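Colleague: quick check, what structure comes out for this input:
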Amino acid sequence: MECKSCGAQIAESGATCPYCNAAIAKAPVIYVAPVHSAHPSSPSGSSTIAEPDVTGLSRYYQDEFRKIHQSGEKYKGKWNWTAFFFSWIWGLTKGIWLPSLVYLFIFCITRGVFSIVWLFLFPKRANWIYYNLRIKNKRLWL
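Modeller: Residues are numbered from 1 along each chain as shown. Sure, this is the predicted structure:
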């Protein structure tokens, strides 16, 4: 530590400078809690990962998006019953245009045969697709 009055190098233990007898102002001790990463496999290993902005979403999507985010996207979301019963309509209302329109096109060409695959694949990944569109602004397929 350096004395503010004379500039001499001094130990922090005393109340006055041993060279010029000036009072040593001690900085208050502030405890800072260690920062733990919310994502254990984060490459930098430094600070926590910011929570996604889920304002304006229903409680269901807020909870799902937080789970997806906190898992590092290993959790792909739970089964979405609304996407199951109203698949392409749900997709269009959420802004998932391309998969919904492709589904309608293929449905018309195959006369509904493709619907069986879509019926079970889309609701399984619907929350994850919506998360990527809404939070990360990425357009993804299944």
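
Colleague: all helices of this structure, in order?
Modeller: Applying DSSP state H to the chain gives helices spanning 59-70, 81-85, 87-93, 97-110, 115-134.

Colleague: next, count neighbours for the closest residue in space to residue 83 that isn't next to it in sequence.
Modeller: Distances taken as CB to CB, 6 or more residues apart in numbering put residue 126 closest to residue 83, at 3.6 Å, once the chain neighbours are dropped. Bear in mind the C-beta positions are built from the backbone N, C-alpha and C, glycine included. By the criterion of other CB atoms under 10 Å, residue 126 has 27 neighbours.

Colleague: wait, isn't residue 126 in contact with residue 77?
Modeller: Yes: using CB atoms under 8 Å, residue 126 is in contact with residue 77, at 7.0 Å.

Colleague: mutual contacts of the two, please.
Modeller: Taking CB atoms under 8 Å, 6 or more residues apart in numbering as the contact rule, residue 126 and residue 77 touch no residue in common.

Colleague: contacts for stretch 89-101, please.
Modeller: Residues from elsewhere that reach stretch 89-101, judged by CB under 8 Å, 6+ apart: 80, 82-83, 87-88, 103, 122, 126, 129-130, 133-134, 139, 141-142.

Colleague: most surrounded residue in these?
Modeller: Neighbours here mean other CB under 10 Å. Within the contacts of stretch 89-101, the largest count is held by residue 126, at 27 neighbours.
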